[in-house]
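**Q** Have a look at this prediction, sequence included:
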Amino acid sequence: MYDTVIIGAGMSGLAAGIRLAYFDQKVCIVERHTTIGGLNSFYRLRGRSYDVGLHALTNYTPKGTKKGPLARLLRQLRIGWDEFALVPQIGSTIAFPDVTLSFKNDFEYFRQQVNEAFPHERDNFERLFQALVDYDDLDYTTADRSAREVVGEYLNDPYLIEMLFLPLMYYGSARENDMDFAQFCIMFRSIFCEGFARPFQGVRLILKKLSQKYRSLGGELKLRTGVSKLAIDNGRVKRVVLDDGSEILAKRVLSSAGWVETLRMCDDLPAPSRRQAGQVSFVETISSLDRMPQDFNHDQTIVFFNDSSKFHYEKPDGLVDLRSGVICSPNNYQYDEPLKEGVMRVTCLANFDRWADLPEEEYRLAKLEWYDRINGSAIRFVPDYRSYVVETDTFTPTTIQRFTWHDNGAVYGAPQKRYDGTTHLRNLFVCGTDQGFMGIVGAITSGISMANWHCLR
């Protein structure tokens, strides 16, 4: 009998396991996949290591900072600041036709950029900023209100509104063409007020530190161990039934599998429809280069681009939407030494159903075709790097589903979040993406928070 069984060995599940193990709970994390990490994982292909999810760790603040999400989670997990070896970004941009906003890990710099590009919105932007700073993350009464509706009460210029939403949606919205206002506040602060950082070794270092800490505290981790069913009796989970038919007993269950995916495991409910899951998914190309991006005059860490005055954040009709995207160079952080080779990653919105319906041979050819088209779209906003490419890979919405088990390859889960983490069962709770905190820091914070609220009281 375990005190807590945690479903999923992503950032959230590992963080929850560490927190509970500190208080001498007997904890077991079960993971269907062959490795840890979930959305923020990595793989090796032809001798190279590739990050799946990590472009940047948001919420970065310098060493010694006492406040903020990053400082709090390190204290909760009792992990030293230097263990994550975080290095800040050089600088990033939001690129629209005729207007570019630059930002770095300094909100005053971004404020100046906005004021110079949109001087008529100076006072309105300050009013919006103050509202975001004052927003109470624990006030769930207005958490799911439309962010576009709220922001529209402060700002008048639709161009500025679209430019603000582009990076926040790409890095944290499960809703098409909108966000929960709570998500908007969290993502605005994490990206513009705090900023981006990355470990030199990428996501592997963070996962290694979390898994080592969890195991050192006596936590159990079972890979290749999927959950087929949660057996319910009298409003409680009585047994966790695994894919091989064996069972685990636990006083409570904390699931990071996703809201729809967790409810599907419950044998007291009809299986929820895939339509209840999120629709937002991505395709990403990864290009390894024979030189560093700065060698061809590209020094931006991340470029968020959109080729018209209106930003469309929705499931496209075709395989990929080339109108907008994210261009990330993992090289362009303030490392003491350079990475071994240059890398350019380009992410665009994609249609899971279209990719999933392709026969194997057509799928393979589609990846080759869309690699070319996606990178052809990207070079409208960065120097042309295509002649420097020595190796490529592309992952699609079906890859995301394989790593996360999310319906529709939904990167950010279901549109409706469960901010308090509760379900219809007294001892079943959710953490991670569908609880509502996004990004690596958000996922870790979610695991800690849900463990504190529901498993340690």
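**A** Structure received. Numbering: from 1, shown residues only.

**Q** Now do the contacts for the closest residue to A443 other than its chain neighbours.
**A** In this structure, A443 finds its nearest non-sequential neighbour in M11, 3.9 Å apart by CB to CB, 6 or more residues apart in numbering. From N, CA and C alone the C-beta is placed, and that goes for glycine too. For M11, the contact set (CB atoms under 8 Å, 6 or more residues apart in numbering) comprises G37, G38, N40, I206, L207, L210, G432, I440, A443, I444, G447.

**Q** Then L205 would be within a helix, right?
**A** Yes: secondary structure of L205, determined by DSSP: H, G, I helix; E, B strand; the rest coil: located in a helix.

**Q** Kindly state the beta-bridge partners for the nearest residue to it once chain neighbours are set aside.
**A** Spatially, and ignoring its direct neighbours in sequence, L205 is nearest to P199 (4.2 Å; CB to CB, 6+ apart). Note on P199: beta-bridge partners by DSSP bridges are L86.

**Q** one step back: next one: the residue nearest to A443 relative to C431, how far apart?
**A** 10 Å (CB to CB, to the nearest Å).

**Q** Identify the contacts common to these two.
**A** What both M11 and C431 touch, as defined by CB under 8 Å, 6+ apart, is the set G447.

**Q** What's the first helix or strand after the helix or strand of the chain with the lowest mean pLDDT?
**A** Using mean pLDDT, DSSP states H and E, strand 42-45 stands out as the lowest-scoring helix or strand of the chain, at a mean of 69. Sequence order places strand 48-51 as the next helix or strand after strand 42-45, per DSSP states H and E.

**Q** Pairing partners for that next one, with directions?
**A** Partners of strand 48-51 in the sheet, by DSSP bridges, are strand 42-45 (antiparallel).

**Q** can you give me the strands in the stretch 151-300 of the chain?
**A** 197-199, 220-222, 227-233, 236-242, 247-248, 250-255, 281-289 (DSSP state E, counting those that start in this stretch).

**Q** now those strands in a markdown table, with distance to Y388 and mean pLDDT?
**A** As requested, the strands of the stretch 151-300 of the chain are arranged in a markdown table below (distance: least, CB to CB, whole Å; pLDDT from 0 to 100):
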| stretch | distance to Y388 | mean pLDDT |
| --- | --- | --- |
| strand 197-199 | 21 | 93 |
| strand 220-222 | 40 | 96 |
| strand 227-233 | 45 | 95 |
| strand 236-242 | 47 | 96 |
| strand 247-248 | 50 | 95 |
| strand 250-255 | 44 | 97 |
| strand 281-289 | 4 | 96 |
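
**Q** Turn those into TSV, including distance to P338 and mean neighbour count.
**A** Output for the strands of the stretch 151-300 of the chain, formatted as TSV (distance: least, CB to CB, whole Å; neighbours: other CB atoms under 10 Å):
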stretch	distance to P338	mean neighbour count
strand 197-199	13	25
strand 220-222	34	17
strand 227-233	43	17
strand 236-242	45	18
strand 247-248	46	14
strand 250-255	40	24
strand 281-289	12	23
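
**Q** State the mean pLDDT of the helix or strand containing R72.
**A** Secondary structure from DSSP H and E places R72 in helix 69-77. For helix 69-77, mean pLDDT rounds to 93.

**Q** what's that helix packed up against?
**A** helix 11-22, helix 439-450 (3 or more CB pairs under 8 Å, 6 or more residues apart in numbering; DSSP states H and E).

**Q** Recalculate using a threshold of 6 Å.
**A** helix 439-450 (3 or more CB pairs under 6 Å, 6 or more residues apart in numbering; DSSP states H and E).

**Q** tell me the angle the helix it packs on makes with helix 11-22.
**A** 40 degrees (axes from the mean of the first three to the mean of the last three CA atoms, to 10 degrees).
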